[in-house]
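Chemist: need a 3D model of the following:
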Amino acid sequence: MEHVLGGEAHFLVTFSLEVNDGLLATNLPSHLINTTELKHRNNYQWQPLQTYVTISKHFMVKASGIRFQGTVNDCNTVMQQLYYHVSHVLLP
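Modeler: Model prediction:
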C-alpha cells in the first residue's frame, strides 16, 4: 500500500449500495457498463444491466440497488451524484 498513498490508485473495488424502501439514482460513466448490476424492487437478485442509453459517455441508473466495479475515484464520483428517492411519504 505504500505506493498508493498520495497517488492515484489503479486497482478496482466493488461499490454496492441498496435500500429497503425507495430508489437510488445516479449517473455512471460509460466505462462501467460491463460491471454494473442492478437490484429492482421486489427482486432479491442482482441482475446485469440489460438496456441503457449513453449521453456524453454517461448513463443514468435508477434501482433499489446499484453495484459495479470501478476505481476509488469512480466510487467517489458516484457517491457525490447519488440521489435517494423515497417511494412514499408517511403522513401523521
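Chemist: how about residue 62, nearest residue that isn't a chain neighbour?
Modeler: residue 25 (4.3 Å; Cβ to Cβ, 6 or more residues apart in numbering). (Glycine included, C-beta is placed from N, CA and C.)
Chemist: mind listing the strands for the chain?
Modeler: 13-18, 23-29, 37-39, 47-48, 58-63, 65-70, 83-85 (DSSP state E).
Chemist: direction included, what does the fourth one pair against?
Modeler: If I follow you right, that is strand 47-48. strand 37-39 (antiparallel) (DSSP bridges).
Chemist: and if you look at the longest one?
Modeler: In the sheet containing strand 23-29, its partner strands are strand 58-63 (antiparallel), strand 83-85 (antiparallel), by DSSP bridges.
Chemist: and it with strand 65-70, angle?
Modeler: Orientation check (axes from the mean of the first three to the mean of the last three Cα atoms, to 10 degrees): strand 23-29 against strand 65-70 gives 20 degrees.
Chemist: what does strand 23-29 rub up against?
Modeler: 17-18, 36, 41, 57-66, 68, 74, 77-78, 81-85, 87 (Cβ atoms under 8 Å, 6 or more residues apart in numbering).
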